[in-house]
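*Asks:* Sequence first, then the predicted structure:
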Amino acid sequence: MRSRLTQALGVRCGGLVARRLRTLPPACTSSPRRRRFLFLALCAPSFVGVAALPFHKSLLVLLAALVFGLLAWLVRVVSEPHFVSGDHRHA
């Protein structure tokens, strides 16, 4: 079940995110598995920033990594209903 916050973000930003993801080649978003790989690719900077914390010891880098991870999660949560509903027509 989706929370009210997620539903509100989906209503406000879902179309924008889906339009941006529509600019990708259809092969990238054609299946749920490929969309999960896209999500992991969007999360990669976050993973690196958090995993490298013992090396960089910078709060700013850690916060930037967490923001990237949050943005990747938001893209996934907001865009997935558009793809599942079939509302994604590639030009």
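*Replies:* Noted; the coordinates are in hand. Numbers count the residues shown, from 1 in each chain.
*Asks:* hang on, residue 49 packs against residue 58?
*Replies:* No - under the criterion of Cβ atoms under 8 Å, residue 49 is not in contact with residue 58, lying 9.2 Å apart. For the C-beta atoms, the positions are set from N, CA and C on the backbone; glycine is no exception.
*Asks:* which one of those two has more residues nearby?
*Replies:* Set residue 49 next to residue 58 and count neighbours by other Cβ atoms under 10 Å: residue 49 wins out with 20 against 13.
*Asks:* So which elements touch the helix or strand where the more buried one lies?
*Replies:* For residue 49, the enclosing helix or strand under DSSP states H and E is helix 32-51. The contact analysis (3 or more Cβ pairs under 8 Å, 6 or more residues apart in numbering; DSSP states H and E) places helix 32-51 against helix 26-29, helix 59-84.
*Asks:* Show the average pLDDT along the longest one.
*Replies:* Think helix 59-84. Averaging pLDDT along helix 59-84 gives 84.
*Asks:* angle of that helix against helix 32-51?
*Replies:* Calculated by axes from the mean of the first three to the mean of the last three Cα atoms, to 10 degrees, helix 59-84 forms an angle of 170 degrees with helix 32-51.
*Asks:* Looking at per-residue confidence, what score does residue 50 get?
*Replies:* 85.
*Asks:* list the contacts for the nearest residue to it once chain neighbours are set aside?
*Replies:* The shortest distance from residue 50 to any non-neighbouring residue, by Cβ to Cβ, 6 or more residues apart in numbering, is to residue 65 (5.1 Å). Neighbouring residues of residue 65 by Cβ atoms under 8 Å, 6 or more residues apart in numbering: 45-50.
*Asks:* Which of those are buried, as a ChimeraX select command?
*Replies:* Under the burial definition 16 or more other Cβ atoms under 10 Å, those of the contacts of residue 65 that qualify are selected in ChimeraX by:
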select :45,46,49
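*Asks:* ok, how many other residues are close to the nearest residue to residue 52 once chain neighbours are set aside?
*Replies:* Sequence neighbours aside, residue 61 is the residue nearest to residue 52 in space, at 7.9 Å (criterion: Cβ to Cβ, 6+ apart). Residue 61: 16 surrounding residues under other Cβ under 10 Å.
*Asks:* From residue 83, how far off is the residue nearest to residue 50?
*Replies:* As defined by Cβ to Cβ, to the nearest Å, residue 65 lies at a distance of 26 Å from residue 83.
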